[in-house]
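Peer 1: With the sequence up front, the predicted model follows.
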Amino acid sequence: MGNGRNTAESRSKALHALVAQGTLSAEQAEAVAQALQEAEEPDTPVRWAEIIGFIGGGLVFVGMVSLLYTWVDLEKLGQAVLLLTVAALAAGGGLFATGGRFRNRAALPPTRRRVGGTLFVIAALAVPTALTVALEPVNPTTAAALGLLYLALAVLAYTAAPTAVGLLVAGGTSLWALWTILAKFDLLDTDIRPYALSVVAVGLVWGVVSLRLPNPRTGLVMAAIFALGGAQIHLGDHPVLAYTLTAAIAVLSLVLYQWQRRWVFLVTGVLGITIAAPEAIWDWTDGAVSGALLMLIVGLVLLAASGVGIMLHRKTDKQPAQQAAEPPAGNAEGPAR
């Protein structure tokens with residue numbers, strides 16, 4: 001047991017060193033750690049543990065749905081106690097699944113991490129929901145505090161056992177916390193721009209943070225949805241701001257694609273241009289462009305954006321090949337005489 005643990009710790013340190021040197025990205029290091037772990041762990045116990053865990057989670061979900069029919073018959077205290085019980089059971093199950101391996105997550109089998117992470121997410125959502133039920137009706141200050149609690153517990157659940165589901169829940173709770181805070185300061189009554197701009201900012205923050213997370217792809221997709229969605233919220237009352245922000249996000253994504261070859265950046269850039277260009281033309285012509293002409297414009301924009309994407313993709317493909325073909329400077333030799 002001790003030898004296996006030392007091996008896992010040594011492997012984790014080696015992978016972290018490769019990431020620090022720039023040899024591997026965080027995503028590649030995580031994939032290598034998972035592949036090595038799956039190759040060393042026996043298949044049957046882990047698979048059965050995962051199957052049992054997901055069956056248990058399914059039973060909890062079915063039980064909660066069944067309780068909805070009698071939910072209104074319960075007092076607030078009973079509802080809160082029920083939710084706290086679910087939270088305690090889910091947290092206990094998550095601790096059992098992960099074995100408390102919070103610091104050395106690389107040594108945790110992926111199946112156990114997924115089960116534990118899902119259970120931690122259930123617990124993270126159940127606790128503030130129980131408080132919300134117990135404190136109803138809530139004032140704006142309490143709602144903002146509960147929104148921040150949702151976010152804090154969701155981030156804690158993801159940190160304990162990183163999963164794609166946990167990251168998505170953390171992202172969703174960040175938007176809810178943002179909404180409750182702006183509502184507390186009466187910034188949502190007459191103008192949607194504060195929330196929309198804040199959603200764009202949250203998306204950009206998640207994009208930066210996701211590059212350092214174990215699930216960067218999921219985080220970047222979520223960040224792109226937040227950024228583009230926040231920009232498009234303005235479309236009804238502030239179309240200029242909507243397509244300007246969307247175009248800016250698209251350009252930023254294409255620039256980032258030159259820096260890091262991730263398909264999320266490329267897709268976000270192409271999609272942003274495809275959305276922003278027709279909106280701008282419609283606004284500049286005061287809606288005079290017919291539906292057929294607008295469809296033609298959208299098609300041309302799609303073709304142009306696709307061409308740009310292909311050019312960028314080929315350019316980034318050629319750079320590693322050229323670097324590999326060039327001999328090291330110290331090994332260069334002159335012509336033989």
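Peer 2: Noted; the coordinates are in hand.

Peer 1: Check the contact between residue 161 and residue 123; I expect there is one.
Peer 2: No. The criterion here is Cβ atoms under 8 Å, and residue 161 misses it with residue 123 at 11.2 Å. For the C-beta atoms, the positions are set from N, CA and C on the backbone; glycine is no exception.

Peer 1: Those two: which is more packed in?
Peer 2: With other Cβ atoms under 10 Å as the criterion, residue 161 and residue 123 differ in neighbour count, and residue 161 comes out ahead with 26 against 23.

Peer 1: In contact with that one, which residues?
Peer 2: With contacts defined as Cβ atoms under 8 Å, 6 or more residues apart in numbering, the neighbours of residue 161 are 94, 97, 98, 105, 108, 113, 114, 116, 117, 120.

Peer 1: Give the closest residue to residue 71 in space, chain neighbours not counted.
Peer 2: residue 79 (6.6 Å; Cβ to Cβ, 6 or more residues apart in numbering).

Peer 1: now the helix or strand encompassing that neighbour: mean pLDDT?
Peer 2: In this structure, residue 79 sits in helix 76-98 according to DSSP states H and E. Here helix 76-98 scores 88 as its mean pLDDT.

Peer 1: now for the following helix or strand past it, which elements pack on it?
Peer 2: Per DSSP H and E, the first helix or strand lying C-terminal to helix 76-98 is helix 110-135. Helix 110-135 sits against helix 26-40, helix 43-71, helix 76-98, helix 140-160, helix 164-184, with contacts defined as 3 or more Cβ pairs under 8 Å, 6 or more residues apart in numbering; DSSP states H and E.

Peer 1: closest one to residue 304 among these?
Peer 2: Relative to residue 304, the nearest member of the helices and strands packed on helix 110-135 by Cβ to Cβ is helix 26-40, separated by 30.4 Å.

Peer 1: List the buried residues for that closest one?
Peer 2: 26, 27, 29, 30, 32, 33, 34, 37 (16 or more other Cβ atoms under 10 Å).

Peer 1: Burial check on the residue nearest to the first one when sequence neighbours are not counted, number of neighbours?
Peer 2: The reference is to residue 26. Leaving aside its chain neighbours, residue 26 sits nearest to residue 19 (5.6 Å; criterion: Cβ to Cβ, 6+ apart). Around residue 19 there are 17 other residues, counting by other Cβ under 10 Å.

Peer 1: re earlier: let's have the buried residues of helix 26-40 in a markdown table, adding distance to residue 15 and pLDDT.
Peer 2: What follows is those, written out as a markdown table (distance: Cβ to Cβ, whole Å; pLDDT from 0 to 100):
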| residue | distance to residue 15 | pLDDT |
| --- | --- | --- |
| 26 | 9 | 74 |
| 27 | 12 | 72 |
| 29 | 4 | 76 |
| 30 | 8 | 76 |
| 32 | 6 | 79 |
| 33 | 6 | 76 |
| 34 | 11 | 73 |
| 37 | 11 | 68 |
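
Peer 1: from those, which is closest to residue 174?
Peer 2: Taking Cβ to Cβ as the measure, residue 26 is the one of the buried residues of helix 26-40 closest to residue 174, at 20.8 Å.

Peer 1: which residues touch the closest one?
Peer 2: With contact set as Cβ under 8 Å, 6+ apart, residue 26 has these partners: 19, 211, 212, 213, 214, 216.
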